[in-house]
Structures are given as structure tokens and as C-alpha cells.
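1. Predicted coordinates and the sequence they were generated for:
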Amino acid sequence: MKRYILQRIGFMLLTLFLIATLTFFLMHFLPGTPFNNPEKLTEKQIKVLNAKYGLDDPVALQYLRYLGHLVTGDFGMSFQYEGRTVNSMITTRIGPSALIGFQAMVFGTIIGLALGIISALKHNSIYDYGSVTLAVLGMSIPSFVFAALLQYFVGVKLGWLPPALWEGYQNTILPSFALSVTVIATVARFIRTEMLEVLGHDYVITARSKGVAEPKVIVKHVLRNALIPVVTMLGPLAVSIMTGTLVIEKIFSVPGLGEQFTLSILVKDYSVIMGITILYSALFILIVFIVDLLYGFLDPRINFKRGAEA
Amino acid sequence: MKLEMNNPKPILPNKNGRHNQPLIPTEVTDDLFVVSPMDDIRQEELDSPPVTFWREAMGRLMKNKGAVISLTVLVIITVMAIIGPYLNEYTYRQQNTAHTNLPPKVTGLGWLGFDGIDVHRVDQYEKRHITENFWFGTDEFGRDLWTRVWKGTQISLFIALVAALLDLFVGVLYGGVSAFCGGKVDNVMQRIIEILVGVPNLIVIILFILILEPGITSIILAMVITGWVGMARVVRGQMLQLKGQEFVLASRTLGAKGTSLIRKHLLPNVMGPIIVTLMFTIPTAIFFEAFLSFIGLGLQAPLASLGVLIEDGYKSMRFFTYKLIFPSIVISAIMISFNLLGDGLRDALDPKMRK
Amino acid sequence: MAEPMLSVENLHVSFQTKDKEVRAVRGVNFSLNKGETLAIVGESGSGKSVTAKSIMRLLPKHNTKVKEGRIIYEGRDLLTASIRDIQKIRGSDISMVFQDPMTSLNPTMKIGKQIIEGLKTYQSISKQEGKTKAAEMLKLVGIPNAEERLDAYPHQFSGGMRQRVGIAMALACNPNLLIADEPTTALDVTIQAQILELMTDMQKKTGTAIILITHDLGVVANMADRIAVMYAGEIIEIGRAEEIFYKPQHPYTLGLLQSMPKPHTSRTVPLIPIPGTPPDLAKLERGCPFAPRCPHTMKVCHYFNPEMQHASGGHSVSCWLQDKRTPKENLPAGVGVV
Ligand SMILES: Nc1ncnc2c1ncn2[C@@H]1O[C@H](COP(=O)(O)OP(=O)(O)O)[C@@H](O)[C@H]1O
Ligand SMILES: [Mg+2]
């Protein structure tokens, strides 16, 4: 167990290192530096700036310096905003993203589970068709299309909720809901398939044959076994939420990381792009790791001692 | 022992009258007690060759209503993507300051909202004395949106299709080599894949687009850079399975019979998951393209893709909702159809592969 | 004769699939006395499991149709009983052991808990009592270190051990009837014998009746009091074990016996498998369902399905060869001669 965890952590660090390296060199070979803006800046000013940010040092030196800072958790200075560190930008921005992401995850999982379970228990009924249709729509319609329509119809036309900005709790509802749609669809579909499969397993019939009452059979045997694999969905769901925040924060003007990221892309603020990229990647890798551990705890068949998942 | 005496069993009617005996006896008579070996016809039925895998899969697919409707929708959309831009006299880049921001109008479809009336309840066509109809309206440069929507569909589909095919190509190459070589090579190649899987796709795509400058080629390349991994995994898995089959060895000795075995039984099993993966790659690619356009990394004007159109439409949706609605409907229809068709194909090609 | 404990009368069960009706069980009749062992033998797909599950009402609700028939257990019709009553009967009166011990135990629930779960539905017991009883059951079916093993998960057991657990679970509440659906099919030959022995053993101790389902006549030779042979959803021959083994009447039974390896006969006698495959239960045509594979068909066999007829004593068979009008030269040795 210990060995497995250490091995995994080693692998995670390696992946992160590779991502950091890749990001660095990609950014470095980008056409033009952020200060290549001859309309506003003179040749001399650019030189000064380049020197200030160490952009005229040899690449190898820049790379090492960058890695050194990274190890201490320092993402460097923003190229765009004078005197602001990437770290401070991330810390001010992460709150709203985390809030809507969390709300979307919780809400989406609950609704998704409910839909999927009803669907499986009432297989081939009108409820089943209804929730399957919802799931297909939710998975297919791009999140930003849905978000845009939601903003227009609920926010603007009906005026039920604030369509944009970040002023109070009410402002979190529409973006969270827009983000949760993919979660709902994915979870509903997954748990439905999973439950239908478990329902067909012999051990469910065994449980019934022992005289266990149906509700107990569903909760103790079917749900328990069907829910375990749902944990594996957390990784992909986290990705879809991260992806979603990029566009949804832009649409609803949420001052979060995603909005910052899209902004930085447009103005080529490399250090911020790199910082957020690495943060997102690290989060993703961490979630996948946690999911694997969690799965191992939930499913007694998985034995970490053998070094791999059975 | 009365319980064990059966009721007379019902005699099943002969549904199709295929049997050659002209008279079907209605009573058990003495003359029926003569030795009579199996019905030749029944024997033939027993021996009749099984339907081929592809035809059977096709049959299953055709029974799936969702898949059939999706296929129809996709065919219609594809046809429109090809001919749509030529169905009126405008081009996707032709600007006209007299025709800016016209709401959609189709004579006879006014009741459906195609009435040329804007949000302020003003008939723009009447006001500006425009006699021709713009079916999907026009944008702020006076470009015809009908033409642009179908042109955009064309480009989006093209990007997705090329990206999916390149994914397939790279995936088959990588997965094939990995599975074929096995041993150390396979091990190293698999580790590489494991690392790549650990990286969020979208981030890599965004980074690559930043370097390559937005454009059709760079979008395709960026998507392939991350997209092939999934395909490579599927291909490797299938190849390993194929490698493990004794059929393959046997086929060398069996000759023709063996090859037909491979064609009929093995290939379908290997191809099934690959086709299904391909089917799900296309909507993913369409989504990514639109996504990139939406965050400003898409195609440059006047070129349009569905994503670009949605982005444009979003910016002015408060007053010109139609600009958002039409491309949104098309992209959603494409996504839904591909997903349903993919599901249908998965079930048809391999009922066990669900999930 | 006293009232049998269980009698299945004219049972018809169908499955409705998308475009067809699978008539899995078509007019099955049999009965069972207290403490008796009845074997149901037939190829896979002949409707054995469906018959067994009908008794326990374990068939999926959404596509199953019990079209006709009654299943009388101690005077009550199980087919019309309320689900509450059925739940009371399950486990405590009638219990079941399944074919594949790898899949019939819940992989994420401890063995002990799975046994106790059955006990709890039958009587209210404390945690400790449950544990003691469960350990006792495990000991009874020959699992060493029973107390410790209560906390193990199914995957920590071998196939044979799991099947022992399955039997322990089924017998935990002293049922009157144990239905064992191919309990040895998924196991190694050596372990098969152990499991059968265990079942005989348990039967001696508890006096439970057993319905033993198998596709292998060899399995039932030493165990069954009576044997019912199923083909395509029908019982085509039923009788005491000696009658089936030594005076088989149906060509299908004959075929089964010929395709069965006998330990005491020399290897030189070839095993003759029955040619062909069973009919598609969704497209049954008129006539005897076995006719397409039968080496003794007559014209009548193609048009009429024979009725169950007495051969002798408790021995019944449904075959036209039993009819007096059958030409003598068409009768296999030993058939039809009473
Ligand atoms: N739940 C079900 N839905 C549809 N068909 C079924 C179902 N269960 C069994 N069948 C069909 O009923 C027939 C008899 O099955 P079964 O009783 O399991 O055979 P066996 O004699 O091997 O136990 C088979 O043709 C099987 O395909
Ligand atoms: Mg069975």
C-alpha cells in the first residue's frame, strides 16, 4: 500500500514536471513576446522590460530559474499587470471558480444520481426515456451554447436571476447550473448503465432469494455496487468543470480563474497562462490519484499491495 | 399421478406454409405412424448459414430508432453544409452596409418567427425597403447568415472529420506498433500514453493553438496532438486481442477458410470498437473547435465555423437573438445525432460493449 | 398418497423481447414430497432455471409473463401470493443455490454479513447471535477458521469454497426445500463431487427436500430419488432414478445417457453426442420439439406434440413411440415394452 502510494506520487511528480517543461518551452517559442507591441512601446522600453523579466537570458538559464521558482510554489510575475505576482492573481481568482465548480459538482451529482437511479429502476418506462433524453441533450449541447441560452432566457428575458456579474450569492446560481448540466448528464447516464448491469447480476437474485425485502436489496446490494464505479467519474467530471469554467465564467462575467485564463490567452500573458495551466494539471492529476485511492477503499477486490489495480 | 399428465399441447399453426406437404393432418390417424426421417426443409433450415456479422449489425442498427433518425439528420445537415451556401445568391464573405442586422424572414413562414421583425417590433425589411428575404437574417456587416451558417457547418464538419481521421491514422500506427512489437517497446509506449492521459487535453490544445496561430490547420493539428491517445489505446487493446487469438495462427495453415474466418468473425470484433471510438471522436472535435472559437482562439474572419458564429451571435444576443439561435441549433443537432448514432453503433456492433 | 409439499401444475412462462415471445417453459408438471430429491436434467436453454426461478418468483418482472399454471407450496399458490408472503417464504421455506459461485455472492459485502442478512429476514436476532449462527453454518459446510472467515470477502475464497458459502447461506434458516441450480457446473470435477457430497450430507442432517438442476445426468446418479428430463421448455420424461437410468423411454433421454461417460464401462464404448441443437423457443413450430433431432421420427412427430403418458409406476413420458400404433421395427431396444 505504502509502496503503491509512493510510486504513484513519483509518477505524478514526473507528469507534472513534464507538463511544466512542455508549457515553458511552448511559451518560449511563441511568436512574439508580450512586450512586442511596437505601437505602445519603444525599442528601448522593450529591452528594459525584457531585462527586467529576465527574458534576454539564455533559455536554459530561464528554464532552470523557472523550475527553481516552481519548486517553491512561485509562478513568477504577470507580464501584463505591473507588479502583480501570478500567485496573488490565482489566489484572488480561485475563490469564485471553486465556489461555482463545487456547487455544480454537488448539484449535478445529486440530480444526476436521482435521474439515473429512477431511470434504472423504472427501466423502459416513460421516466427512463425522459431522463435518458435529458442526459443525451445534456451531454451533446455544448456548455457554452446552453449557458448563453440560459443567460438570455432566464437572466434577460424572464429576469429571474442576475444574468451576469458577481455581486451576491444569486449571481452564482446560473453559472453553477450551466456548469452542472454536463455533470448531471454524465452521472445520470453512468449510474443508469451501472445499475442496470448490477441488477442483472446473480448476487442480486441471491439477495432476493434470501428473502431480503426489495428496498433493502436495492440499497444494500444494487446501489452500493453501482455507486462504487461512479467514483471513477470524478476525474473526467473535474476536467469538464475546469473546461466549463473557461467559457462559463466568460459568459457570466465571473471573476474566476477561467476568465483570467481566457483573458491572459488573448493578451499573451505567458506567466499567468503557465501558472494556471500547471495549477489545472496538478489539480487534475491529484483528483485522479484521490479517485484511485478512494476506489481501492470502496472496492474490497482491489489490492494495492500488488502494485496495480486488479 | 394425475398431476403429471399433460394437457394436450397446442399445435402451432404453420405460419408461412413453407412445408411441402400439401395437407396438414388435423387428427392423429393410424397412417401417420410410419417412419419418416427429419423434414428435409427443417434440415435445410438447421444448416442455413448464419447471417454475416455486418449485416446483422446493420439490422440491429436499423432497428434503433434514435440511430436511424440521427443518421438521417446527419445526412441532411451534411448535404446542407455542401449545397446550402449556394442556395441563394449571397456568399459567406460578401458585406453589404445596407443589409446589416436584418432579422430572419421567409415569406410564408412568418408564423414561425421568420417575419423580419426585430426585438423592437419593427419590420426592418419594410423600414429599409428591402425586398429580398434573408432566411436566417444577416450579421452586423450585412453578410447573409444562411450562407454563413451552412458554410460554418461545412468547415466545422471538415475540421472534425479530418481530425478524427488523423486521430485514427496516428492511433492505428502507434497502437499497432505498440501491440505488434510488445515487450519493452510496448512498455515504454504505454508509459508515454499514461503520462499523456494525465494531462488535461484542452490545456494542451490551447497551448498549441497559441503557438500555431488560429486557423483550420492549426486547430486540426492541436486536436490530433491530444486526440490520438484514446484511439491508440483502443487499437492496441484490439490488436492484442487479435494477436492472442489462435485463429490468426490457424488461418495461416487453413488458407482461404481461415481468411474468411478472420473477415467474418475477427475483423468485425476488432473494427467494432474502433468505429465506435471514431464515431465519438467527431462530436468531441466539433465541440473543441467551437469551444476554441468561443474563447477567441478560433478561425479568423471572414471565415466562419459554427463556433465563430456562436461567439458572434452570443455577443449580440440581446438584440439579435437569431444570430445565436441558428448556429446553436445546428451544432446541437450535430452533437446529439453523433452521440445517438455512436450509441446505436456501439450497441449494434457489440452488445457487450455497452457503457 | 399424501399431499405433496410442492406441486407445479401446467406452468407456462414466456419472455417478451422486443419483437418476439420466447416461450421458455411450456406446460411443466411435477411434484415433490418432503425430504425428497428431484433432479431436473436438460441441455442448457431448456428452461430449467426459469422453472426454478418461477417457484421463487425471481424472474424479472418487466418482461416475464407467467401465462398459465399454479405452483402450490403447502396449500398456497406461490404465483398469486403477495410479494410480502413470497419474501417470507424465500430463504426460510425455500432457498436457492446458484450456478456460478463467482457471481452469485455480492463482491463488496463480507461473507458473514451476507449469511446474517438471510437470517435476519427470518427471525430477529442480535448481532452476536447472528455471528455465532453464521460461523456455525460455515463450519457445517466445512469451511475452516469459520469465525475469522466471516470477515472475508467473496473474492478471497476459491470457487468451491464460495459454493460452500452459498450452500451455508441457503441452509441458514433450515428451509424445507433447497433449489440448487447447477451448483457444480462452474466447478472443477474434483470439487463437484465434494459439493454434491456436502449437499447429500446436509440433507441427511436437516431433512430438506432438494430440487437439483443440472445438465449432466452423471451428477444426479447417486443423489436423486426422481429425475425429470426437460427439453425445449417441456418435461419430456419423469420417473424414479432407476427407471430413467435403466428403462429410459424417450429418445432424448436415451441420447443423454449415451452421451454420458460412465465410470464403470470400458473406454471402448464411444460417447455419442446428440446431433443438432435445441429449437429456438421463439419460433417453435408444430410437432414434437425434439423431432428434428430424433433418430426415430414418424410422420406423426412432425405434426403433433405427444402428450404425457404413463409408462409404468411413477414413470411418464411424452413421446409418440409410446403409442400402440408405432411400428415395432422403429422402437429402440427397451422402449415401449412395458
Ligand atoms: N430474463 C430473460 N429474458 C429473456 N429470455 C430469457 C430470460 N431468462 C431466460 N430466458 C430464455 O429462456 C430460455 C430458458 O432459459 P433457462 O431456463 O435459463 O435455461 P437452462 O435450462 O439452461 O437453465 C432460454 O432460451 C433463455 O434464453
Ligand atoms: Mg440455467
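-> Yep, it's here. Ligands and ions are numbered 1, 2, ... in the order given.
2. Determine the longest helix present in chain A.
-> Taking DSSP state H as the criterion, chain A has its longest helix at helix A:86-121.
3. can that helix be found next to chain B?
-> No. Applying CB under 8 Å from any CB of the partner chain, one finds helix A:86-121 out of contact with chain B, separated by at least 13.0 Å. Placement of C-beta: from N, CA and C, glycine included.
4. quick check, distance from whichever helix or strand comes after that helix to the centre of its chain.
-> Where DSSP states H and E defines the elements, the next helix or strand beyond helix A:86-121 is helix A:126-140. Helix A:126-140 sits 23 Å away from the centroid of its parent chain (CA atoms, centre = their mean, to the nearest Å).
5. Helix A:126-140 packs against which elements?
-> Applying 3 or more CB pairs under 8 Å, 6 or more residues apart in numbering or on different chains; DSSP states H and E, one finds that helix A:126-140 contacts helix A:86-121, helix A:170-199, helix B:321-349.
6. can you tell me if the last one touches chain C.
-> This means helix B:321-349. No. Helix B:321-349 stays clear of chain C (CB under 8 Å from any CB), getting no nearer than 12.2 Å.
7. by contact count, what packs against that helix?
-> helix A:126-140, helix A:143-150, helix B:53-63, helix B:65-83, helix B:145-181, helix B:267-294, helix B:306-315.
8. buried sites along that helix?
-> B:321-328, B:330-349 (16 or more other CB atoms under 10 Å in any protein chain shown).
9. Up against ligand 1, what does chain C have?
-> Counting by CB under 6 Å from any ligand atom, chain C comes close to ligand 1 at C:15, C:17, C:22, C:24, C:42, C:44-50, C:60, C:63, C:281.
10. Now list the buried members of those.
-> If we count by 16+ other CB under 10 Å, those have these buried: C:15, C:22, C:24, C:42, C:45-50, C:281.
11. so can I have a markdown table of the residues you listed showing pLDDT, secondary structure and distance to residue C:241?
-> What follows is those, written out as a markdown table (pLDDT from 0 to 100; DSSP: H, G, I helix; E, B strand; the rest coil; distance: CB to CB, whole Å):
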| residue | pLDDT | secondary structure | distance to residue C:241 |
| --- | --- | --- | --- |
| C:15 | 93 | strand | 31 |
| C:22 | 91 | strand | 31 |
| C:24 | 93 | strand | 26 |
| C:42 | 91 | coil | 16 |
| C:45 | 89 | coil | 24 |
| C:46 | 92 | coil | 19 |
| C:47 | 93 | coil | 21 |
| C:48 | 94 | helix | 17 |
| C:49 | 94 | helix | 22 |
| C:50 | 95 | helix | 24 |
| C:281 | 86 | coil | 28 |
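12. what's the farthest-apart pair in those residues?
-> C:15 and C:42 (17.5 Å; CB to CB).
13. Nearest to residue A:260 among the residues of chain C next to ligand 1?
-> residue C:60 (53.1 Å).
14. how close does that closest one sit to residue C:229?
-> 27 Å (CB to CB, to the nearest Å).
15. Now do the same for residue 2: its pLDDT.
-> Going with chain A. Residue A:2 is assigned 82 on the pLDDT scale.
16. Not quite, go with chain C.
-> Per-residue confidence (pLDDT) for residue C:2: 69.
17. Equivalent analysis for the one 4 residues further on, please.
-> Residue C:6 carries a pLDDT value of 94.
18. Contact partners for it?
-> C:31-32, C:55, C:71-74, C:94, C:177, C:209 (CB atoms under 8 Å, 6 or more residues apart in numbering or on different chains).
19. quick one, phi psi at it?
-> With angles defined as degrees, to the nearest 10, residue C:6 sits at phi -130, psi 130.
20. How many residues are close by the closest residue to chain A within the stretch 101-250 of chain C?
-> Across the stretch 101-250 of chain C, no residue is closer to chain A than residue C:118, which sits at 3.6 Å (CB to the nearest CB). Number of residues near residue C:118 (other CB atoms under 10 Å in any protein chain shown) recorded here: 27.
21. which residue packs closest to it, ignoring adjacent ones?
-> Leaving aside its sequence neighbours, residue C:118 sits nearest to residue A:210 (CB to CB, 6 or more residues apart in numbering or on different chains; 3.6 Å).
22. Tell me the pLDDT of the one you found.
-> For residue A:210, pLDDT reads 91.
23. ok, residue B:37 touching residue C:298?
-> No. Counting by CB atoms under 8 Å, residue B:37 stays clear of residue C:298, with 9.7 Å between them.
24. Between those two, which is the more surrounded one?
-> residue C:298 (23 against 12).
25. for that one, what are its contacts?
-> Neighbouring residues of residue C:298 by CB under 8 Å, 6+ apart: B:32-36, C:320, C:326-327, C:330.
26. so which of these comes closest to ligand 1?
-> residue C:320 (23.9 Å; CB to the nearest ligand atom).
27. Burial check on the closest one, number of neighbours?
-> Quick note: residue C:320 (other CB under 10 Å) scores 26 neighbours.
28. Could I get the buried residue list for stretch C:177-189?
-> Applying 16+ other CB under 10 Å to stretch C:177-189 flags C:177-184, C:186-187 as buried.
29. so what's the closest residue to chain A within the stretch 1-150 of chain B closest to, chain neighbours aside?
-> Going by CB to the nearest CB, chain A is nearest to residue B:66 of the stretch 1-150 of chain B, at 8.2 Å. Sequence neighbours aside, residue B:340 is the residue nearest to residue B:66 in space, at 4.4 Å (criterion: CB to CB, 6+ apart).
30. Next: residue A:278.
-> residue A:20 (5.6 Å).
31. who's in contact with that neighbour?
-> Contacts of residue A:20 by CB under 8 Å, 6+ apart are A:66-67, A:70, A:274, A:278.
32. That one - that's part of a helix, no?
-> Yes. The assignment for residue A:20 is a helix, going by DSSP: H, G, I helix; E, B strand; the rest coil.
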